[in-house]
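Peer 1: Prediction below, plus the sequence it came from.
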Amino acid sequence: MHEIPINFKKYFSIRLADTQAQRREAFRIRYEVYCDELGFEEKDAFPDGLERDAFDSISDHLLLVHNSSQNFVGTVRFVHTSTSMPEQILPLEKYCSHAFDPSLFDLKAQARGSIAEVSRLAVSAQFRRRSGEKGRPFIFEGMRTDISDHAKNFPYIAVGLYLGAAALCVLQKYHYVVVMMEPRLARGVSRVGIRFQRAGEPIKYHGIRAPYYISPDILLEHLIPPIREMFDDIYAQLEKQLPK
């Protein structure tokens, strides 16, 4: 475990997609994974090979870069709300609000500007050739056997992307982040201290997924030391890239 932050820093970098060309790379990965490979979205809806929706314009998009090849490994988006747009809703509020149990997390009661969403996490197929990956846009664990450098010994690509989104949450002072995920993924990331709190029961949404939430306090209280070191490095990378 102590090698995790060392390997991450050596072999991967996190990048804020702040240009049109970089955002196109994020949308291209999403199309490759969600449309072409998994069929979660209709290919015909995106003839240019870029999967995107109306929420992308109010989102920050992150790209994970494989340093030695400079290939983009994966992407995730961080969807904002704003006090200046009280009518703005999150994708999960549009498509999955019925999954939230108000006794666990009252989604409708959250003020605009205090809540954000992490979604569209996808890892390119060339970095998902591990056991247990078939039919999933990313996985949490597993070892590669077909790339030449030590990136094959780094199983936490999805964790790196989640930590990037978490760093944006802290940097931009949001109170809560919501996400839909497989319960077993929530259990998996909890082992390294990313303790998403269940906000409702599982539903059918691109497979069986349940709503979860997390706050900066919950995140930072429980991260195990190697993952906290990894988070701090990602935070420092993104702090330099965000507009002042």
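Peer 2: Right, received. Where do you want to start? Numbering: from 1, shown residues only.

Peer 1: after the helix or strand of the chain with the lowest mean pLDDT comes which helix or strand?
Peer 2: Ranked by mean pLDDT, DSSP states H and E, the helix or strand of the chain with the weakest confidence is helix 4-11, at a mean of 86. The helix or strand immediately downstream of helix 4-11 is strand 12-16, counting by DSSP states H and E.

Peer 1: picking up where we left off before, report all helices and strands that the least confident helix or strand of the chain contacts.
Peer 2: With contacts defined as 3 or more CB pairs under 8 Å, 6 or more residues apart in numbering; DSSP states H and E, helix 4-11 has these neighbours: helix 225-241. For every residue, glycine as well, the C-beta is placed using N, CA and C.

Peer 1: switch to 10 Å and redo it
Peer 2: Judged by 3 or more CB pairs under 10 Å, 6 or more residues apart in numbering; DSSP states H and E, helix 4-11 is in contact with strand 59-66, helix 157-171, helix 225-241.

Peer 1: C-terminal to the second one, what's the next element?
Peer 2: Downstream of helix 157-171, the first helix or strand assigned by DSSP H and E is strand 176-181.

Peer 1: and that following strand with helix 157-171, angle?
Peer 2: For strand 176-181 against helix 157-171, the angle between stretch directions is 160 degrees (axes from the mean of the first three to the mean of the last three CA atoms, to 10 degrees).

Peer 1: what's the neighbour count on the residue nearest to Y174 when sequence neighbours are not counted?
Peer 2: Nearest residue to Y174, sequence neighbours excluded (CB to CB, 6 or more residues apart in numbering): A116, at 4.8 Å. A116: 24 surrounding residues under other CB atoms under 10 Å.

Peer 1: cool, A17 as well?
Peer 2: A17 has 21 neighbours, counted by other CB under 10 Å.

Peer 1: Neighbours of Q172, how many?
Peer 2: The tally of other residues near Q172 (other CB under 10 Å) stands at 13.
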